[in-house]
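Colleague: Please work out how this folds:
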Amino acid sequence: MTNTTGRLRRARADIAGGPAAYLSLGRGGVPALLLHGFAGDSLTWQYNLSPLAAVRRVLAVDLPGHGGSTLDVGDGRVGAFAPWLVRLLNTLEIPRVHAIGHSMGGFVALELARQAPERVASLSLIASAGLGPDFDLAFLRRVTALSSPAEGQACADRLFAEPSPLAERIGEVLHAQAADPARRAALERIVEGSFATAAERWRPVDWGAVAPPVQLLWGRDDRIIPLPPRDRLPPAAPLHVFDNTGHLPHSEAATPVTAILRDFLATHDPS
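Modeller: Residues are numbered from 1 along each chain as shown. Below you'll find the model as predicted:
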């Protein structure tokens, strides 16, 4: 079904576990649920929202501790964000979604597929956390302790494979978050609760227990979460690797990434 509204709507839903802020665009079909990475928000999908919404409703959610959503992140375990998302979908009367997650959002999308498989039609993981222990923990801790916009831009530069005009603005946002005591505390709790001991906690994913079809998208030059070894990935899943691309394929290679997402979602729409 084609989107005819063309209007981006910013909304907020009051749910158990704290309010959820989200962007909504388009209508019809099985919605695409977009889940951002650590220290990001729904606007990380700015280059993907409209193309995806041409054929279906798209929801880009601010996860707990981020954007306009609750700052209550509990003990910082992001696996607990999955039931929070289920409550949001229930409130919005959305029975099923195509889950698309970047970095930390990929970890949450995978948890959603494991905890509520009947709610997930397909799973697209972009530079996803949770698949292996190899990631830059020092970077995450640095993001929560920025002392200046310049330091924020230095972190933002590390997200990209090549110099990007987006880095300055991202750096400003990162610094603003670190300067807000409540938001900084929430981000620190996530780092310590979900990533600081991840190498000991994360085991290879039992892909046989993941019901929805899966695809993976990665930047070949990702310095934050390098592409895991093939034996860590689902054996039959499509893997798309983008040259000259870092940790933000959906921004750095927005056109081909969005085309791949659209095709995968269309293929796995319920008939």
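Colleague: Any stretches of the stretch 101-250 of the chain with poor pLDDT?
Modeller: Applying pLDDT under 70 to the stretch 101-250 of the chain flags the ranges 198-201.
Colleague: can you pull out the helices in it?
Modeller: Counting by DSSP state H, counting those that start in this stretch, the stretch 101-250 of the chain has helices at residues 104-115, 137-143, 149-159, 167-179, 181-190, 198-201, 249-252.
Colleague: Any chance of a markdown table for the ones you listed, columns distance to L35 and mean neighbour count?
Modeller: Yep, even glycine has a C-beta here, placed from its N, CA and C like the rest. As requested, those are exported to a markdown table (distance: least, CB to CB, whole Å; neighbours: other CB atoms under 10 Å):
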| stretch | distance to L35 | mean neighbour count |
| --- | --- | --- |
| helix 104-115 | 3 | 26 |
| helix 137-143 | 17 | 17 |
| helix 149-159 | 17 | 19 |
| helix 167-179 | 18 | 18 |
| helix 181-190 | 14 | 18 |
| helix 198-201 | 18 | 12 |
| helix 249-252 | 11 | 23 |
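Colleague: got the contact list for stretch 16-23?
Modeller: 8-13, 42-43, 45, 49, 58-62, 64, 67-72, 83-84, 87-88 (CB atoms under 8 Å, 6 or more residues apart in numbering).
Colleague: Start and end of it, how far apart?
Modeller: Using CA to CA, to the nearest Å, the end-to-end distance of stretch 16-23 comes to 19 Å.
Colleague: can you give me the mean pLDDT across it?
Modeller: If you average the pLDDT over stretch 16-23, you get 96.
Colleague: Make residue 1 into 810 and carry on from there
Modeller: Happy to do that; since the first residue is 810 now, the last one works out to stretch 825-832.
Colleague: Please point out which parts of that stretch sit buried.
Modeller: Using 16 or more other CB atoms under 10 Å as the test for burial, stretch 825-832 gives 826-832.
Colleague: just to revisit the earlier point, closest one to D1078 among the helices of the stretch 910-1059 of the chain?
Modeller: D1078 lies closest, by CB to CB, to one member of the helices of the stretch 910-1059 of the chain: helix 913-924, at 16.5 Å.
Colleague: what about that closest one, distance to the chain center?
Modeller: Helix 913-924 has its C-alpha centroid displaced from the chain centroid by 9 Å (CA atoms, centre = their mean, to the nearest Å).
Colleague: Over to stretch 848-862?
Modeller: 10 Å.
Colleague: returning to what we had before: buried subset of the contacts of stretch 825-832?
Modeller: Neighbour counting with 16+ other CB under 10 Å marks 822, 851, 854, 858, 867-871, 873, 876, 878-880, 893, 897 as buried within the contacts of stretch 825-832.
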